[in-house]
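K.L.:
Dropping a prediction and its sequence here:
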Amino acid sequence: MPKENIKKMTGVFAAVFAHTGHISKEEAKEISGLDDSAFEEAYQKASGIAARVMKAGGNKMDVFLDHYGKEVEKWMKDSHFDFL
């Protein structure tokens, strides 16, 4: 899997925490190691995930993992990396 896709996954993961107020957007960008445009793309994906998590009842972690997992699967498929 290309290093850039791993950075994007990390960016989305960190940006969800920025959207929910646990860290700043700048901290999430720093964690990701992405450039400005790639981080904005990751931040937008995280926005959708965070919105679904915040609306969810019950176990929010399950909702987060489900939606984040779907994004990871897309990157893995696009990278032709299959370990499952």
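P.N.:
Looks like it arrived, so ask away. Numbers count the residues shown, from 1 in each chain.

K.L.:
Can you tell me how far residue 66 is from residue 6?
P.N.:
Distance from residue 66 to residue 6, counting by Cβ to Cβ, to the nearest Å: 20 Å. C-beta: built from backbone N, CA, C; applies to glycine.

K.L.:
Ignore what I typed, I meant residue 33.
P.N.:
9 Å.

K.L.:
Where do the helices of the protein begin and end?
P.N.:
Counting by DSSP state H, residue ranges of the helices within the chain are 3-19, 25-32, 36-55, 60-78.

K.L.:
just those helices: most buried one?
P.N.:
helix 3-19 (a mean of 20; mean count of other Cβ atoms under 10 Å).

K.L.:
can you give me the mean pLDDT across that helix?
P.N.:
On average, the pLDDT along helix 3-19 is 91.

K.L.:
quick one: residue 5 and residue 77 touch, right?
P.N.:
No: distance between residue 5 and residue 77: 10.6 Å, which falls outside the contact criterion (Cβ atoms under 8 Å).

K.L.:
Identify the residues contacting the residue nearest to the spatial centre of the chain.
P.N.:
In the chain, the C-alpha closest to the average C-alpha coordinate belongs to residue 12, at a distance of 2.0 Å (Cα atoms, centre = their mean). When the contact criterion is Cβ atoms under 8 Å, 6 or more residues apart in numbering, the partners of residue 12 are 42, 45-46, 49, 68, 71.

K.L.:
ok so, going back, comparing the helices of the chain, which gets the lowest mean pLDDT score?
P.N.:
Set side by side, the helices of the chain show their lowest mean pLDDT on helix 60-78, which sits at a mean of 86.

K.L.:
other SSEs contacting it?
P.N.:
helix 3-19, helix 36-55 (3 or more Cβ pairs under 8 Å, 6 or more residues apart in numbering; DSSP states H and E).
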